[in-house]
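[1] Quick one: sequence and predicted model below, then my questions.
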Amino acid sequence: MVEKHTSDIGFSEAPVRASEWRRFRRVFFERKLVTFGLVVLVLMVIAAAFAPLLTPYDPYELGDAGESLLQPGGEHLLGTDLLGRDTLSRLIYGARTALMVGFISVFISGFIGVPLGIIAGYFGGVINMVIMRAMDAIMCFPMLLLALLLAAVLREYDVISGIWVVIIALSIAIIPGYARVTHGVTLSIKENEYIMAQRAMGSSNMRVMFRHILPNAFPPLIVLVTMQLGALILAEAGLSFLGIGIDPPGAAWGAMVWDGYRYLANNTALWLSPGIAIALVVFAFNMVGDGLRDALDPRLRGLL
Amino acid sequence: MTTYIVRRLIQALVVLILVTLIVFFVMRLLPGDPILIYVAQTAELEAMPQERIDELRAEFGLDKPIMVQYANWMAGIFRGDFGTSIFYREDVGTLMLERFPITIHLTLLSLIVGAIFGVLAGMLTAVRRGKWLDKIVTPLTYVGLTIPVFLLGILLIYAFGVKLGWLPISGYTSPLDDFWLSTRQVIMPVFCLAIFGVAANARQMRSSMLEVTRQDYIRTAWSKGLGERAVVMRHMLKNSLIPVITLMGVSVSIILGGSVLVERVFAIPGVGSLLVSSIFGQDYVVVQAITLIFAVIILLVNLIVDISYAWLDPRIRYG
């Protein structure tokens, strides 16, 4: 979303000279929702990291007779599913799945998308045309749809299983985001004198691109990565809701919502708790991304 | 302007070719014999004598070089021939004609709802910036942008379908058959699909309104003694709307992507649910057709958006 927060804040008196880090903290923590998002994410990372210690039950262990579809409360805080598995434990393990898919996909697609964008912007001409039009073509597919299509094909391969189908499919679907950001940065940077100086000194194209241009792309890339983590977790939830990706008995929030949907009125915790988990985490990533953008965007310097 | 349009059209044509290449080759990534895409399930293929397979291969042109196959596939699509569905044993083109109107109906309604309510919300929150309305609605737009549509759908079904019993929880009826029932059935799905558009439009509208507020001509309008209504409606609205138009492309993409989930939640027999069932039924000819059509729709919407944007804002076309 392209938005300008500039408009929200009028010009004030000349800003007091402050250290970069202090300014970053002030702008970032200024909005309560951003702080809230950060807290949610920290809690989620802790939950995912220490899942085996935190979960009251084994998330895969089937319950005994009579333990199926228990209501929340009592020994099972959020109740149990049809197979008698503890919902809270599965929820915590679901955080692992979501974060794993998110972080690995972001890494893979960044590894491909970032160089593509820099190369396109740096060399221009035909190379630029081919790369950026290919990115446009990928962007013509709704993210969920492209991921669905790729996942459908990938799962036919026996060597790639479960979660990796989703990871690879989502990684490909979000490449254009990176390419566009680094492409834009490269175009605006490459005419600068210091780049020319580097080339005059005989630096190779590789060196100029990755030592001197790439660092300029870091601030927008950090924002992009945060936003994309939210989008990826949402898409992963969508895919597992449709039944693609995580093989049973693995726990994925989207699949939990779909399974719980059958007990819509009888056992609300079953679909509502994973649903809220997804919504909360996606919301949190977006808020933190928004806060980072406000704090990192040089155009807002002096305004915020 | 003409140069701009021509340039943009050529660009769109290149992207269109790339889109068709993606759809074609992703399907070719399927492991095993590509004839699998054209002939029923693997079991049927295995039971077939080799001569018959070769015969079919020649019939579908699968013995030709891959680029020739691509060209033939494209030529077929231009003739409206998308192939035959394995599952439905029906021409995919005919199948699309049955299913697409449903998805288009929902998509158009969602776009309209998203535009009207989004612009309205953005306008009100901008004009009443910092007041209670702004304080409630603006944080809600964040929720609208991030909420999983399937969760929203289930929540609506739970509240308005099961608990209150006001709306039917699933199904679809053509508005031509029973307008009242159809409207009641589409309220919740359209709400789910429109929520992103409402939120995105509201945010864009709010910030572009606030941007416009600072312009000189708005100060002039105020200083010549115009009332708030005249300033907002006559002078601010039009210019603030321009950036909102660019969101149209994103909205269509989000709605079409979301239709896959929403149609499943509400058991609507549109293209979205057809896509999901075809993926599980390995009915790849159908999958191929739907993905291609969705991508082309988004491509065209973006093209129209870009051209109208340049037409409305001269800075773009001379930029």
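    Structure's in. What do you need?
[2] how about the nearest residue to residue 161, chain neighbours excluded?
    The chain I'm using is chain A. residue A:247 (6.8 Å; CB to CB, 6 or more residues apart in numbering or on different chains). The C-beta positions use only the backbone N, C-alpha and C, and glycine is treated the same way.
[3] not what I meant, chain B
    Setting aside the residues directly before and after it, residue B:161 is nearest to residue B:169 in space (CB to CB, 6+ apart), at 3.5 Å.
[4] Any idea how many residues pack against the one you found?
    19 (other CB atoms under 10 Å in any protein chain shown).
[5] which residues does it contact?
    Going by CB atoms under 8 Å, 6 or more residues apart in numbering or on different chains, residue B:169 touches B:157, B:161-162, B:266.
[6] let's see 10 Å
    Residue B:169 makes contact with A:264, B:153-154, B:156-158, B:160-162, B:185, B:188, B:265-267, according to CB atoms under 10 Å, 6 or more residues apart in numbering or on different chains.
[7] Look up the pLDDT of the closest residue to chain B within the stretch 1-150 of chain A for me, please.
    With CB to the nearest CB, the shortest gap between the stretch 1-150 of chain A and chain B falls at residue A:142, namely 2.9 Å. On the pLDDT scale, residue A:142 is placed at 92.
[8] For it, which residues are in contact?
    Contact analysis of residue A:142 by CB under 10 Å, 6+ apart lists A:148, A:173, A:235, B:250, B:252-260, B:291, B:294-295, B:298.
[9] So which of those are in strands?
    Of the contacts of residue A:142, none are assigned to strands by DSSP state E.
[10] Just those: which are in helices?
    If you go by DSSP state H, the contacts of residue A:142 have A:148, A:173, A:235, B:250, B:252-260, B:291, B:294-295, B:298 in helices.
[11] Tell me which stretches of chain A form strands.
    Using DSSP E, no strands are assigned anywhere in chain A.
[12] low pLDDT regions in it?
    Under the criterion pLDDT under 70, the flagged ranges of chain A are A:1-18, A:57, A:61-70, A:74-78, A:81-84, A:301-304.
[13] Helices of that one, residue ranges please.
    With DSSP H, the ranges of helices along chain A come out as A:20-30, A:32-49, A:51-54, A:87-123, A:125-139, A:143-154, A:163-173, A:175-189, A:193-200, A:205-207, A:214-241, A:253-261, A:268-296.
[14] What's the separation between the residue nearest the centre of chain A and residue B:67?
    Central residue of chain A (CA atoms, centre = their mean): residue A:229, 0.5 Å from the mean position. Per CB to CB, to the nearest Å, residue A:229 is found 39 Å from residue B:67.
[15] Also residue A:157?
    24 Å.
[16] Compare the two (neighbour count), which wins?
    Comparing residue A:157 with residue B:67 by other CB under 10 Å, the one with more neighbours is residue A:157, at 14 against 8.
[17] Look up phi and psi at the more buried one.
    The phi and psi torsions at residue A:157 (degrees, to the nearest 10) take the values phi -80, psi 130.
[18] Now residue B:183. Nearest residue, chain neighbours left out?
    Closest residue to residue B:183 apart from its sequence neighbours, by CB to CB, 6+ apart: residue B:175 at 7.0 Å.
[19] Could you look up the SS state of the one you found?
    Going by DSSP: H, G, I helix; E, B strand; the rest coil, the secondary structure assigned to residue B:175 is coil.
[20] circling back to that earlier point, show me how to select, in ChimeraX, the buried members of the contacts of residue B:169.
    Per 16 or more other CB atoms under 10 Å in any protein chain shown, the buried members of the contacts of residue B:169 correspond to this ChimeraX selection:
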select /A:264 /B:153,154,156,157,158,160,161,185,188,265,266
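[21] Now the contacts of residue B:169 in a markdown table, please, with extra columns for secondary structure and distance to residue A:190.
    Formatted as a markdown table, the contacts of residue B:169 follow (DSSP: H, G, I helix; E, B strand; the rest coil; distance: CB to CB, whole Å):
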| residue | secondary structure | distance to residue A:190 |
| --- | --- | --- |
| A:264 | coil | 56 |
| B:153 | helix | 47 |
| B:154 | helix | 49 |
| B:156 | helix | 50 |
| B:157 | helix | 53 |
| B:158 | helix | 54 |
| B:160 | helix | 55 |
| B:161 | helix | 57 |
| B:162 | helix | 59 |
| B:185 | helix | 55 |
| B:188 | helix | 50 |
| B:265 | helix | 48 |
| B:266 | coil | 50 |
| B:267 | coil | 53 |
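[22] For the contacts of residue B:169, which two are the farthest from each other?
    Greatest spatial distance in the contacts of residue B:169: A:264 and B:185, 17.5 Å, computed using CB to CB.
[23] which ones are touching residue B:90?
    Counting by CB under 10 Å, 6+ apart, residue B:90 has contacts B:84, B:98, B:286.
[24] Mind checking which of these are buried?
    Buried among the contacts of residue B:90 by 16+ other CB under 10 Å: B:84, B:286.
[25] Residue B:308: which of the contacts of residue B:90 is nearest?
    Nearest member of these to residue B:308, counting by CB to CB, is residue B:98, at 31.7 Å.
[26] Could you tell me which residues make contact with that closest one?
    Counting by CB under 10 Å, 6+ apart, the residues that residue B:98 touches are B:88, B:90, B:269-271, B:274.
[27] So, low pLDDT: which residues of chain B?
    Ranges of chain B meeting pLDDT under 70: B:32-47, B:86, B:316-319.
[28] Residue of it closest to chain A, please.
    Closest point on chain B to chain A, by CB to the nearest CB, is residue B:257, at 2.9 Å.
[29] Against residue B:150, how distant is that residue?
    Distance, residue B:257 to residue B:150, using CB to CB: 12 Å.
[30] Now the common contact residues for these two.
    Both residue B:257 and residue B:150 are contacted by residue A:238, under the criterion CB under 10 Å, 6+ apart.
[31] And the residue of the stretch 201-304 of chain A closest to chain B?
    Counting by CB to the nearest CB, the stretch 201-304 of chain A gets nearest chain B through residue A:275, at 3.9 Å.
[32] coming back round to it: just the contacts of residue B:90 now: which is nearest residue A:260?
    Nearest to residue A:260 among those, with distances taken as CB to CB, is residue B:286, at 29.2 Å.
[33] quick one: contacts for the residue nearest to residue B:265 when sequence neighbours are not counted?
    Once flanking residues are discounted, residue B:265 sits nearest to residue B:153: 3.9 Å by CB to CB, 6+ apart. Contacts for residue B:153 (CB under 10 Å, 6+ apart) come out as A:261, B:169, B:188-189, B:191-193, B:258, B:261-266.
[34] neighbour-wise, which of those residues leads?
    residue B:193 (32 neighbours).
[35] Now do the same contact list for the nearest residue to that one once chain neighbours are set aside.
    Leaving aside its chain neighbours, residue B:193 sits nearest to residue B:110 (3.8 Å; criterion: CB to CB, 6+ apart). By CB under 10 Å, 6+ apart, residue B:110 lies in contact with B:186, B:189-198, B:251-252, B:254-256, B:258-259, B:262.
[36] again, only this time at 6 Å
    Contacts for residue B:110 (CB atoms under 6 Å, 6 or more residues apart in numbering or on different chains) come out as B:190, B:193-194, B:255.
[37] How about residue A:291?
    Residue A:291 neighbours (CB under 6 Å, 6+ apart): A:28, A:34.
[38] Then residue A:243?
    So residue A:243 contacts nothing (CB under 6 Å, 6+ apart).
[39] so how far is residue B:281 from it?
    Distance from residue A:243 to residue B:281, by CB to CB: 13 Å.
[40] Once you drop chain neighbours, what's closest to residue A:175?
    Nearest residue to residue A:175 in three dimensions, chain neighbours excluded: residue A:113, at 4.2 Å (CB to CB, 6+ apart).
[41] pretty sure that neighbour is touching residue A:182, no?
    No. Counting by CB atoms under 6 Å, residue A:113 does not reach residue A:182; the two are 7.4 Å apart.
[42] Looking at the two, which is more packed in?
    Using other CB under 10 Å, the more surrounded residue of residue A:113 and residue A:182 is residue A:182, with 29 against 25.
[43] my read: the more buried one touches residue A:217, true?
    Yes. In terms of CB under 6 Å, residue A:182 counts as a neighbour of residue A:217; the distance is 4.8 Å.
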